[in-house]
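Asker: structure of the sequence below:
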Amino acid sequence: MKLVSTVKLQRARSAAEKSRYYFDSMYRTVNSILSRVGHIEHRFLTAGESPRKAVVVITSNRGLAGGYNSNVVKLITRNDAFKKEDLDIYAVGNKGREAFARHGYTIREELPEIIEDPLYSEVNALTERLLKSFEAGEIGEIYLAYTFFKNTVSQEPRLIKLLPVEAEDNEDDSDAVMNFEPEDVEAIDMIVPKYISSLIYGGLKASIASENGARMQAMDNATSNAEEMIDKLSLQYNRARQGSITQELTEIIAGSEAIS
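Answerer: Numbering: from 1, shown residues only. The predicted structure is shown next:
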């Protein structure tokens with residue numbers, strides 16, 4: 001399993017690195033735009049009236065990956081800002097669905113197939129359903145929980161807010177003039193869905209690379225632990241065998257001396 005994960009990791013890491021540039025560029029661009037248009041009133045820039053929150057949680061369909069799945073789940077279950085009764089979980093991956101079901105959370109959608117081979121079209125469809133629920137007032141906020149791939153031995157679980165979009169402070173561009181073509185509201189209508197889809201898609205690619213990296217580490221640790229256990233048990237066996245042979249020899253010698 002370590003060898004299989006190593007091969008998969010090579011492909012997944014390449015895909016994650018390629019998508020990261022678009023992921024980061026989209027995030028920076030949208031934040032740069034919104035940091036200069038704070039006066040615009042738009043439904044995507046303000047929280048909905050509903051207290052419910054939707055969380056897209058990206059985990060794996062399989063285990064044996066160390067703490068990869070549990071670390072993502074803990075982002076939600078141990079977050080004081082989230083109330084169990086107000087959360088709708090969009091579970092991408094069976095392990096997350098199983099964990100949240102055990103904890104009594106509401107599973108709004110089960111999406112185990114997306115994590116196997118992510119397609120941008122599938123992410124777009126998910127984004128449309130999320131935005132439809134947001135605009136209908138069924139949910140007031142949308143979040144993404146995934147695992148950021150730093151490198152082969154380091155993966156970081158992250159939770160980011162997708163909607164309402166919140167601009168970060170951008171001191172360099174704060175005085176720049178922002179002109180929209182077409183109108184600002186129409187521009188945001190076009191930008192935000194692509195923004196959300198790109199973040200979810202980037203999260204999927206990063207999570208797949210993180211999963212294979214975590215599984216490779218877990219299998220390597222399991223192999224090392226197994227070899228250590230084999231060495232320890234072999235030593236105990238040899239000592240017990242040597243002790244048994246010594247005892248038999250002692251009994252034979254003692255019996256021979258008694259006869260003579």
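Asker: Ala218 and Leu64 touch, don't they?
Answerer: Yes - assessed by C-beta atoms under 8 Å, Ala218 is found in contact with Leu64 at 6.0 Å. All C-beta spots, glycine's among them, are computed from the backbone N, C-alpha and C.
Asker: if you count what's nearby, which of those two comes out ahead?
Answerer: Between Ala218 and Leu64, counted using other C-beta atoms under 10 Å, the more crowded position is Ala218 (19 against 13).
Asker: wait, what's in contact with that one?
Answerer: Ala218 makes contacts with Leu64, Ala65, Gly66, as judged by C-beta atoms under 8 Å, 6 or more residues apart in numbering.
Asker: closest one to Phe149 out of these, please.
Answerer: Of all these, Ala65 has the smallest distance to Phe149: 13.1 Å, by C-beta to C-beta.
Asker: gap between the closest one and Pro51?
Answerer: The spacing between Ala65 and Pro51, counted by C-beta to C-beta, to the nearest Å, is 34 Å.
Asker: can you check Ala226 too?
Answerer: 49 Å.
Asker: check which helices and strands the helix or strand hosting Ile76 is in contact with.
Answerer: In the assignment (DSSP states H and E), Ile76 maps to helix 68-77. In this structure, helix 68-77 packs against strand 53-58, helix 94-102, strand 141-151, strand 154-163, helix 184-259, with contacts taken as 3 or more C-beta pairs under 8 Å, 6 or more residues apart in numbering; DSSP states H and E.
Asker: picking up where we left off before, of Ala65 and Pro51, who's got more company?
Answerer: Ranked by neighbour count (other C-beta under 10 Å), Ala65 and Pro51 place Ala65 first, with 24 against 12.
Asker: helix, strand, or coil at that one?
Answerer: coil (DSSP: H, G, I helix; E, B strand; the rest coil).
Asker: and it, what's its pLDDT?
Answerer: You'll see Ala65 listed with a pLDDT of 84.
Asker: quick one: it and Ser50, what's the gap?
Answerer: Taking C-beta to C-beta, one finds Ala65 at 34 Å from Ser50.
Asker: got it, and Leu144?
Answerer: Counting by C-beta to C-beta, the gap from Leu144 to Ser50 is 18 Å.
Asker: nice, that's everything, thank you.
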